[in-house]
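Student: Sequence plus predicted model, see below.
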Amino acid sequence: MAGLKALLPRREFQVGAAAAIALAAMFLVPALFTGFWVARFSQTAIFAILASSVGLLYGRVGLVSLGQVAPYGIGAWVTLRLAFATSLPFPILLIIAGLVAAAIGVMIGLPALRVSGLYLALVTLMLAASVEIVLSQIKFPNGGGGFSGVVTQLSDIAPMRRPGFASSDVAYYRFIVVAAFIIMMAVAFVLTRKPGRAWASIRQSEVSALAAGIDVTRYKLYAFAIAAFMAGVAGGLFAGTIPKGLSLDPFTRQAAIFLIAAAVMGGIRSLWGGLFAGVLATLFLAFLTQNVWGHQLWTDFSLSLFGFGLLMNLVQNTKADEKKGIAS
Amino acid sequence: MKVRRSAAVLAALGLVLAACGSSSDSSADTTGGSTKTTDATSDSSATTDANTETSGGGSAAPGESKPATAGEGCGLNNGKKAEGDPIVVGNVTTSVPGIDFSGGPALQQAYFDCVNENGGINGRPIELIVENDNLKPEDAAAAARKLIESDKVVAVVGGFSILDCAVNADYYKEKGYFTIVAGVPAECFSSPNFAAANMGPAYSALGATQVIVDKGAKGKIVSMIPRTATSAYGNSLVGVYAKEKGMEWENIEIDVPIADPNAAIIDAVNRAGEGGGLILNFTPPEGLKLLKAAEEQGLIDKVVWGSSTPLNDNSVAAALGEAWAGKLNVNAELSLLDDPAPEMELYRTISEKYAPDQPLGSFQQMGFMIGRIIVHTLLEMDPADVDDPVKVNDAIVNIKNFNTDIVCKPWYYGKLDAHVPNNWDYNVVPNGTDVMELDRDCFEIAAVDDILKDVRKAEVEQKLNVG
Amino acid sequence: MPGLGELWPFLIQGLAFGAMYAMTGTGLVVLYRTTGVVNLAFGAIGAMAAHIAWTLMGGSLTKPIPVVGGVRILAYPAIVLLCALLTLLYGLWIAPKLARRDPLVKALGMLGAALFLQGLMKKGWDSSKARGILFPQQTFKLGNTIVSTTQILALVLSVVVVLAVTTFLNKTATGTAMRAIANDRDVSSLLGVPVRRVETMAWFGSGLLCGVVFLLLPPLFKSLDQGTMTYFVISALAGAVVGQFRSLWVTFWASLGIGVLESVLTPFKNSLHFMADYRKLVPYVVAVVAILWISRRRTVVLAGREMQ
């Protein structure tokens, strides 16, 4: 506990910095930027939550899930459907979406308890591919009435309901920032408590974690549930940014690979990395497509850019680790 | 989530627009060299020749001169460079890898460039702002708001977007903008605020169905389309028409990209039965898979084959080769690229001079046509009114009988609950070597649904395209 | 319920695709056992090579399926060679930088390479155009079913490949070295096995296999489709997973089974609607079931490379 107390000032500083960034994002961004950029910043906050969920699993527990687009898509789908089927307040929808996604996350986690890291990555990659097929079969981006309504014309798709107190683009953007801030703070809190310490020791060595009396199974599942909850809420928030219906686009195999690339590039060891990944994957790309030498080059190359970034990051990490004398 | 596309859904969404037809191979292959040599000639044909035709056009004072008609040149056609404050129009277009519609606006811009070198809009230049929706609804919504609220465009014209119609229909209505587009989803053809240069997947597939029934398809029509959230629209009218003809109909939705074309096409032909009809509603790469699989499985002569307009692409004709000569009926919404009509001459000239990197193609044709429509409309207005969006949009909604060689009948906007101004089509077939050739000249798309029935009635009542 | 006769064409098609899965699986297993790398860029590399070969062959919008004649026939070996070279390039340039990391990081590296190549392909070859590179083929009737020489070739080649690779691993010195490295890289190195040279051979060999797969995939898909070819490897992984990245013959039979099942479910539209609609999930379901079965009592350790 003494060690933890020594960390306190640093932690308080970090919380303060995060709060300052959130406040600046809430009030400076809408004042300084056009609606187009406010929309991009909304996506940044959402992607930050999603990337942090990948970072939590990989960086904190040492589990690589390539299938985080699954709970993300499920969260979006649940929020969308419940918004049409019920009149529950939006924040409640988000929590339900998160919980449903968390349940799915645990189901993904179950096989993960028994297989090695590589198998987990392969299985979750297949999961991402399956989600694409299933969502396509159920005609996923569809906003018909009721819980399972399907409409044939895009115009019949009613706009997704937003919270009553945040129906304008700017207000909803602020709502997203607040939601992202709360989630990040909650995760930061969990990381300093027992689960965080358990994860750290699991990541170091599962065997010694077991020896230390840590319930490895329970804490692994716990990590999957929390990460899936984050992704689910991010999906719900994403659903609300879209005027009419959702697109299947963010939930594909390719999106899954892009997500891991962005998360690794942002940095998986801290929650700040999630935010940085969000900035890279949304603001940075938007900046390239808007401002640099004619956009077409960059939209085409954005995949190459992130693929290259992922590779370079892995190589750099290896070099850094080798310098520190840590093999593998 | 920034990921641009797994080809699957892209292709699915991009379906009909994705290759609204032919893109010429010659210009795609010849950039550079040959373009330069022709510049001089195209220059003169676009301006000088036309000047001699229009009586005294060059010296006419702004506002007095008549806008050039098809084939005569650009705008006022007086060779004077436009100056002063630009008149700004804009649109929302989809341009992502796999679905790049930027060729449409590129030719609209090319025509504007030509107009601006030839007197502009009564001396003032016309400027085009193209916003990319990145195939994301949230971007499409942001784009429309930027155009109207920040850029203060006087008209939204020439958008080639998968999403614009669906996402922004209510917004344009609220702001009083009458939008000219080329679009895919149903709302481009079912909203009072959109009129399209093309006719969309449903009417195009219907046109192909009419042809194959006429050519002897019997018993049952099977239609195929990529599965998307709203794919039921694409082949819906095929079913209505088949029932009207006393035939059975079955629609198959398949996941794209197609990974096992043999399985898919054997299954589909089995369902259609010997002598039945098969309608494809796919982009060129996906359509090619199915057709090649049919060829391999010896199914070409089992059914009568039809396709909506995207397969009207010379790359398809070339890839299909001899076995398919005359065997695939592709609905074509626009005149063929080598059509000798004057407006098509002008299009080819402008493309060569002002957009040398663009191939000749259907998007480009439509972008050019829309460019001509808006320039013509602005020139006919009182020059004092062209900065007022209300008056400009009032002029747009009143467009009637716009003569064009690019679609079968004169184009119009009109006051309608739903617009389908392009509702007569061509039928083309692969020639067995490398191009699509004309098989059937302009024919009327059957009015089997309420929208087209109302449109035809309004055409007569409001004298929209009966000059 | 479709009759047996109706199922035949789907069975043939399924065998052909199963054979492609099997060859892909063989390439993945050989490389994994020697270097610890699961080549998730297998599809992207193959697709890239096929596109480059298409261009070398004189492919253009006027000739989306280049005519094969004269030197253009070289395009077929070109695909194989390009695949092998691209794979080797990664093996020599990037892979050593990650050599000491665990297989997970190595696999992520391949994903990075796949994304990179995909971006290049999207930039270089407009994916809205029809494009093909069809291996010359004949069709003939087997009963009432039309069979193409490509399908036969796929099946025959897959058997030959598995036989040849198994023999190679068991009978040749290099093969023995590969198996030794697969068992324990460090010890093999101490015992004087030229680890780097053997690994290089493994990269090249699996690249050649990738080339063979992508020689035959375009005629089976009937088109050069960037997405389908790139993600083909994810479905093909299932067979290798069932074989635990260890047994080539288990991988072979599992791949064939997956291919056949995926295909013959197609005509069940009326009776077993659900099965037909979700048939593309077959590889994934098989893989997950296999993993659960294999791991029912113990922690799965991939081919002895991981310590847990």
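Tutor: Now that the structure is in, tell me what you want to look at.
Student: Can you give me the neighbour number for residue C:274?
Tutor: Counted with other CB atoms under 10 Å in any protein chain shown, the neighbours of residue C:274 add up to 10. All C-beta spots, glycine's among them, are computed from the backbone N, C-alpha and C.
Student: Tell me the spacing between residue C:179 and chain A.
Tutor: Distance from residue C:179 to chain A, counting by CB to the nearest CB, to the nearest Å: 20 Å.
Student: Next one: the closest residue to residue C:138 other than its chain neighbours, what pLDDT does it get?
Tutor: Of all residues not flanking residue C:138 in the chain, residue C:149 sits nearest, at 4.9 Å (CB to CB, 6 or more residues apart in numbering or on different chains). Residue C:149 carries a pLDDT score of 92 in this model.
Student: Repeat that for residue B:170.
Tutor: You'll see residue B:170 listed with a pLDDT of 86.
Student: do residue C:218 as well
Tutor: pLDDT recorded at residue C:218 is 89.
Student: Which strand or helix spans it?
Tutor: Applying DSSP states H and E as the criterion places residue C:218 in helix C:195-221.
Student: what angle sits between whatever helix or strand comes next after that helix and helix C:195-221?
Tutor: As assigned by DSSP H and E, the chain's next helix or strand after helix C:195-221 is helix C:226-242. Helix C:226-242 and helix C:195-221 are oriented at 120 degrees to each other (axes from the mean of the first three to the mean of the last three CA atoms, to 10 degrees).
Student: just the CA coordinates of helix C:226-242, formatted as PDB?
Tutor: What follows is helix C:226-242, C-alpha atoms only, in PDB (Å, rounded to 0.1, in the frame of the first residue of the first chain):
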ATOM      1  CA  GLN C 226      -8.600  -8.100 -53.600                       C
ATOM      2  CA  GLY C 227     -10.900  -8.600 -50.600                       C
ATOM      3  CA  THR C 228     -11.700 -12.300 -51.300                       C
ATOM      4  CA  MET C 229      -8.200 -13.200 -52.000                       C
ATOM      5  CA  THR C 230      -6.700 -11.300 -49.000                       C
ATOM      6  CA  TYR C 231      -9.100 -12.800 -46.500                       C
ATOM      7  CA  PHE C 232      -9.000 -16.300 -48.000                       C
ATOM      8  CA  VAL C 233      -6.300 -17.100 -45.500                       C
ATOM      9  CA  ILE C 234      -8.600 -16.600 -42.500                       C
ATOM     10  CA  SER C 235     -10.900 -19.400 -43.700                       C
ATOM     11  CA  ALA C 236      -7.900 -21.500 -44.600                       C
ATOM     12  CA  LEU C 237      -6.600 -21.200 -41.100                       C
ATOM     13  CA  ALA C 238      -9.300 -23.500 -39.800                       C
ATOM     14  CA  GLY C 239      -7.700 -26.600 -41.300                       C
ATOM     15  CA  ALA C 240      -4.300 -25.700 -39.800                       C
ATOM     16  CA  VAL C 241      -5.900 -25.100 -36.400                       C
ATOM     17  CA  VAL C 242      -7.600 -28.500 -36.500                       C
END
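Student: Find the residue ranges of chain A scoring beneath the pLDDT cut-off.
Tutor: Along chain A, segments meeting pLDDT under 70 span A:1-9, A:140-159, A:243-247, A:289-300, A:325-328.
Student: Work out which residue lies at the spatial centre of it.
Tutor: residue A:50 (0.5 Å; CA atoms, centre = their mean).
Student: Can you get me a residue count around residue B:176?
Tutor: 13.
Student: Quick check on the nearest residue to it once chain neighbours are set aside: phi, psi?
Tutor: Once flanking residues are discounted, residue B:176 sits nearest to residue B:393: 5.9 Å by CB to CB, 6+ apart. Phi and psi for residue B:393, reported as degrees, to the nearest 10, are phi -70, psi -30.
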